[in-house]
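**Q** I need the structure of the sequence given here:
(chains A and B)
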Amino acid sequence: GDSVTQMEGPVTLSEEACLTINCTYTATGYPSLFWYVQYPGEGLQLLLKATKADDKGSNKGFEATYRKETTSFHLEKGSVQVSDSAVYFCALSGYGGATNKLIFGTGTLLAVQP
Amino acid sequence: DTAVSQTPKYLVTQMGNDKSIKCEQNLGHDTMYWYKQDSKKFLKIMFSYNNKELIINETVPNRFSPKSPDKAHLNLHINSLELGDSAVYFCASSQEITGEKLFFGSGTQLSVL
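**A** The predicted model follows:
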């Protein structure tokens, strides 16, 4: 079945460092891809999305490009802040029978130190 | 105003008890979900309802029974609680049935002792 694999955390960085969180997927068809973020004590929020190959999603300085040839959707940010500390989830929209459903990776904890 | 609200935030109970978690969304969305997040942060869909009708039912034990009295509410009732049910349960909603942009509640942490 469809699945998402993302790098294990925690990822610990100093403020202003570059961030890459790897995400690869397995899917039939052409899914949409997403990054969700979960701040401490909160529910997940959509961070960015890409709906077809070579699309780049971006938001709040984060970017990810839908790479069909490598089945990847890596999350990047050039300069992280302490406020970016959270758990990041890669996800794809898979077919759930009557409708699509989001399939999440296992999440990657990012801790940014001042 | 909270878009997706679920209660209670924390639930501590003994094995064998029956408990419910309530969820309400004021976004006017047609589709609502329950997700389970285990201690390793793995998030898995349990149920999805669209306009009060069940559309996704993953392989969840029969002890879990969702109920949607109207499209703004999706409650989760759990019978005969087991230790393995301990997790954080998230309610979510989306405008489209395709369920791509989800709005999550802040979660209910269930601890079964």
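**Q** Going by C-alpha atoms from here, please, whenever you check contacts or count neighbours.
**A** Will do.
**Q** got a list of what the closest residue in space to B:Gly107 that isn't next to it in sequence touches?
**A** Nearest residue to B:Gly107 in three dimensions, chain neighbours excluded: B:Phe90, at 4.5 Å (Cα to Cα, 6 or more residues apart in numbering or on different chains). Neighbour list for B:Phe90: A:43, B:34-37, B:104-108 [criterion: Cα atoms under 8 Å, 6 or more residues apart in numbering or on different chains].
**Q** go again using 6 Å as the cut-off
**A** The neighbours of B:Phe90, taking Cα atoms under 6 Å, 6 or more residues apart in numbering or on different chains as the test, are B:34-35, B:107.
**Q** Closest to B:Lys71 out of the residues you listed?
**A** B:Trp34 (13.8 Å; Cα to Cα).
**Q** For that closest one, name its beta-bridge partners.
**A** When assigned by DSSP bridges, B:Trp34 has beta-bridge partners B:Phe47, B:Cys91.
**Q** Can you get me a residue count around it?
**A** Using other Cα atoms under 10 Å in any protein chain shown, B:Trp34 has 23 other residues around it.
**Q** Isn't it up against B:Cys91?
**A** Yes. Using Cα atoms under 6 Å, B:Trp34 is in contact with B:Cys91, at 4.7 Å.
**Q** rewinding a little: which one of the contacts of B:Phe90 is nearest A:Val82?
**A** The closest of the contacts of B:Phe90, once distances to A:Val82 are taken by Cα to Cα, is B:Gly107, at 23.4 Å.
**Q** Would you check that the closest one makes contact with B:Tyr89?
**A** Yes. At 5.5 Å, B:Gly107 counts as touching B:Tyr89 under the criterion of Cα under 6 Å.
**Q** Throw the contacts of B:Phe90 into a markdown table and include pLDDT and distance to B:Asn57, thanks.
**A** Listed next are these as a markdown table, based on pLDDT from 0 to 100; distance: Cα to Cα, whole Å:
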| residue | pLDDT | distance to B:Asn57 |
| --- | --- | --- |
| B:Trp34 | 95 | 10 |
| B:Tyr35 | 94 | 11 |
| B:Gly107 | 94 | 20 |
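**Q** Out of these, which is nearest to chain A?
**A** The shortest approach to chain A among the contacts of B:Phe90 belongs to B:Gly107, at 6.1 Å (Cα to the nearest Cα).
**Q** next helix or strand past the helix or strand that contains A:Val87?
**A** Using DSSP states H and E, A:Val87 falls within strand A:86-95. Using DSSP H and E, the next helix or strand after strand A:86-95 towards the C-terminus is strand A:100-104.
**Q** can you state the direction angle for the helix or strand bottoming out on mean pLDDT in chain A and strand A:86-95?
**A** Least confident helix or strand of chain A, by mean pLDDT, DSSP states H and E, is strand A:100-104 with a mean of 82. Relative orientation of strand A:100-104 and strand A:86-95, computed by axes from the mean of the first three to the mean of the last three Cα atoms, to 10 degrees: 140 degrees.
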